[in-house]
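>>> Below is the structure, and that's it, no one-letter string:
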């Protein structure tokens, strides 16, 4: 079956896909020419909020729905572009009244509620920088990020304030004001805080967006990968161009689309592609306030007539675990493009999209540091299950090998090495906050080094191998955990898998796998023999796992990525460290 043709035929029923001539687009693309799509200011200024909100709110799409908020048991809450601008203007006036200077930080600690989006946009309009925090963080991760980011203002809810901020507030001298969104029935306003809604209501809904410069700090995202002190990744207002361009190229957004990004707005994906990119394209967004539930998600796709859906491999695997029959109870006539991000998507997940929706998921690759999608599978291009795709126009990628002298060599097709990018795209991070040496270590020669191992095939598709420190070296073989996991997940009984290397006197490292089984399958010796045989048939004895443990659930970061480091620590009896700081990049 030609899965790519299925996807293209589905798309052709509605709108022609973008990037029909990929080679020509790469040949002709120039970032300075693409920048003509932005409005900018006559004085050369550039502000993200002006590009994604103001120019729409003052134009023909002012009354178009910008965001629809969904919540269980309540009616949808819609904001047009004009209404969203009015709310953002009120908050921008509040920030201006606090004398928050350009690029100083305003943080949010909230779930997917309207106040978060109003705060993010109003903060950018005011010239301050926006610092999102994941609402599931505990007090210590919140304290670390607010302190490192020197946030002056925080907007949160009264419930989150009492649980996660009040215990640490005395340890945050830079945090001058806290505004809380009141929860019905939650009691009195917490002492020492201000009422967010009251402050906004007292402000005017007119505000002249600050004429920031393209290189002014706009966004501060904290990421620590899976270990270590959180890194403050700095992005500037010029990044909006990459968000706009890649939303059209990689996510195939068109005017009139209904778009749903399931990423939490406390993470970089939830900001870059859950706020900035879709609003830049002038589409209508869906925001669901509830937690993951397969039946609810399928109902949203059907009832809201979602046309472009951007979700994560973890969610896709959870949908797969719930069973194909759940997906097939509904129809999705408007859905024309499915995309995935956050970690590599196993080939089984790509093909499952065809079985469930009549089209494959399109995986793509980027990092918090890149700020935007760098490599993707496109609507007009054949999907190769398991591949992250090909570089977006304007991005030069290569597979590199580091030299002892600090330089790098570019490797030929088929070789495994570190994925590198030529700097110069607009959303490239401008540094790690107060860590210049750490930033410089990310570059060698003319390249940004991603820390991801990959290979490129003869047709220019890139294939993820693993993080440089995750790859298993066994009997002289370099083994990709992702490759072994993909083989295991292809077994009908396996919902999810994680693979690590454990010490072995003969081989150096042996491959060990941990799997979650789908409902209806039982863990016993026969099942483990089946899985072992399946892996050896798919991979060969040299790469297949030597041990397989069946577990009830795999340990994950708060954003859903599997924590191989924690599995290894448990296996070796090592300290697990402070798990409260574990998180994800993109």
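That came in fine, so what should we check first? Predicted, not measured: the structure shown is a model, and the values here were computed from it.

>>> Can you read off the backbone torsions of residue 152?
Backbone torsions of residue 152, given as degrees, to the nearest 10, read phi -90, psi -30.

>>> bridging residues for residue 494?
Counting by DSSP bridges, residue 494 is bridged to residue 517.

>>> Distance of it relative to residue 81?
From residue 494 across to residue 81, the span is 45 Å (C-beta to C-beta, to the nearest Å). C-beta here means a position set from N, CA and C on the backbone, and glycine is covered the same way.

>>> Residue 371 too?
For residue 371 relative to residue 81 (C-beta to C-beta), the value is 24 Å.

>>> do residue 16 as well
26 Å.

>>> Give me the more crowded residue out of these two.
Each of residue 16 and residue 81 has its neighbours counted (other C-beta atoms under 10 Å); residue 81 has more, 25 against 12.

>>> Go ahead and confirm that one touches residue 67.
No. Using C-beta atoms under 8 Å, residue 81 makes no contact with residue 67, being 9.3 Å away.

>>> mind listing the helices for the stretch 251-400 of the chain?
For the stretch 251-400 of the chain, the helices defined by DSSP state H, counting those that start in this stretch occupy 268-271, 277-280, 294-303, 313-322, 324-327, 347-357.

>>> Need the winner for burial among those.
Among the helices of the stretch 251-400 of the chain, helix 277-280 has the highest mean neighbour count (mean count of other C-beta atoms under 10 Å), at a mean of 28.

>>> outside of that one, which residues touch it?
By C-beta atoms under 8 Å, 6 or more residues apart in numbering, the residues outside helix 277-280 that reach it are 51-53, 56, 66, 81, 240, 243-244, 246-247, 251, 253, 259, 261, 285, 372.

>>> What of stretch 214-223?
Taking C-beta under 8 Å, 6+ apart as the rule, stretch 214-223 contacts 45-46, 48, 102-103, 105, 124, 127, 129-133, 145, 148-149, 212, 230-239, 267-268, 271, 368, 426, 430, 433, 583-585.

>>> how much space between the residue in the chain sticking out farthest from the centre and residue 474?
Here the chain reaches farthest from its C-alpha mean at residue 506, the gap being 39.9 Å by C-alpha atoms, centre = their mean. Look at residue 506 and residue 474: by C-beta to C-beta, they are 10 Å apart.

>>> ok, now residue 308?
41 Å.

>>> ditto for residue 408
26 Å.

>>> Residue 308 and residue 474: which is more packed in?
Using other C-beta under 10 Å as the criterion, residue 308 and residue 474 rank with residue 308 on top: 24 against 19.

>>> Find the residue ranges of the protein scoring beneath the pLDDT cut-off.
1-14, 224-228, 469, 475-478, 558-560, 575-586 (pLDDT under 70).

>>> that older thread, for the helices of the stretch 251-400 of the chain, give me TSV that also has distance to residue 166.
Shown next, in TSV, are the helices of the stretch 251-400 of the chain (distance: least, C-beta to C-beta, whole Å):
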stretch	distance to residue 166
helix 268-271	25
helix 277-280	33
helix 294-303	32
helix 313-322	31
helix 324-327	41
helix 347-357	41
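
>>> Quickly list the domain ranges of this protein.
The chain is divided into the following domains under automatic domain parsing: 3-456, 470-554.

>>> possible to save these as CSV with distance to residue 574?
Formatted as CSV, those follow (distance: least, C-beta to C-beta, whole Å):
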stretch, distance to residue 574
domain 3-456, 12
domain 470-554, 12
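
>>> which of those domains sits most buried?
Most buried of those by mean neighbour count (mean count of other C-beta under 10 Å) is domain 3-456; its value is a mean of 20.

>>> counting contacts, what elements does the helix or strand in which residue 487 is found pack onto?
Assigned by DSSP states H and E, residue 487 belongs to helix 481-489. Helices and strands touching helix 481-489, as assessed by 3 or more C-beta pairs under 8 Å, 6 or more residues apart in numbering; DSSP states H and E, comprise helix 347-357, strand 462-467, strand 494-504, strand 508-517, helix 525-539.

>>> picking that back up, pretty sure the residue farthest from the centre of the chain is in a strand, no?
No. With DSSP: H, G, I helix; E, B strand; the rest coil as the criterion, residue 506 is located in coil rather than a strand.

>>> Could I get the phi/psi values of it?
phi -90, psi -40.

>>> Please tell me how far it sits from residue 546.
Residue 506 is 11 Å from residue 546, by C-beta to C-beta.

>>> give the contact list for residue 484.
By C-beta under 8 Å, 6+ apart, the contact set of residue 484 is 497, 499, 511, 513, 535, 539, 543, 544, 545.

>>> show me the contacts for the last one.
Remark: with contacts taken as C-beta under 8 Å, 6+ apart, residue 545 is in contact with 484, 488, 499, 511, 512, 513, 532, 535.

>>> so, if you compare those, which one comes nearest to residue 91?
residue 499 (46.0 Å; C-beta to C-beta).

>>> Can you name the residues that contact the closest one?
Counted by C-beta under 8 Å, 6+ apart, residue 499 has contacts 472, 481, 484, 485, 488, 511, 512, 513, 514, 545, 564.

>>> Just the closest of these to residue 438, please.
Once C-beta to C-beta is applied, the member of the contacts of residue 499 that ends up nearest residue 438 is residue 564, at 22.9 Å.

>>> wait, that closest one sits on residue 470?
Yes. If you go by C-beta under 8 Å, residue 564 and residue 470 touch, sitting 6.1 Å apart.

>>> Go through the helices and strands packed on helix 481-489 and name the closest to residue 31.
Ranking the helices and strands packed on helix 481-489 by proximity to residue 31 (C-beta to C-beta) places strand 462-467 first, at 20.9 Å.

>>> on contacts alone, who are the packing partners of that closest one?
Counting by 3+ C-beta pairs under 8 Å, 6+ apart, the elements that strand 462-467 packs against turn out to be strand 447-456, helix 481-489.

>>> The last one to strand 494-504, inter-axis angle?
Spelled out, that is helix 481-489. Angle of helix 481-489 versus strand 494-504, following axes from the mean of the first three to the mean of the last three C-alpha atoms, to 10 degrees, is 130 degrees.

>>> Over to the longest one?
Taking the same axes, to 10 degrees, one finds strand 447-456 and strand 494-504 inclined to each other by 110 degrees.

>>> Against which helices or strands is strand 447-456 packed?
Using 3+ C-beta pairs under 8 Å, 6+ apart, strand 447-456 is in contact with strand 397-402, strand 416-421, strand 462-467.

>>> Can you convert those into a markdown table and add a column each for distance to residue 113?
Formatted as a markdown table, the helices and strands packed on strand 447-456 follow (distance: least, C-beta to C-beta, whole Å):
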| stretch | distance to residue 113 |
| --- | --- |
| strand 397-402 | 38 |
| strand 416-421 | 35 |
| strand 462-467 | 34 |
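
>>> Would you tell me which of these gets closest to residue 520?
Closest among the helices and strands packed on strand 447-456, using C-beta to C-beta: strand 462-467, at 30.6 Å.

>>> Distance check, the nearest residue to residue 142 once chain neighbours are set aside against residue 43.
Excluding the flanking residues, the one nearest residue 142 by C-beta to C-beta, 6 or more residues apart in numbering is residue 164, at 5.3 Å. Distance from residue 164 to residue 43, counting by C-beta to C-beta: 41 Å.
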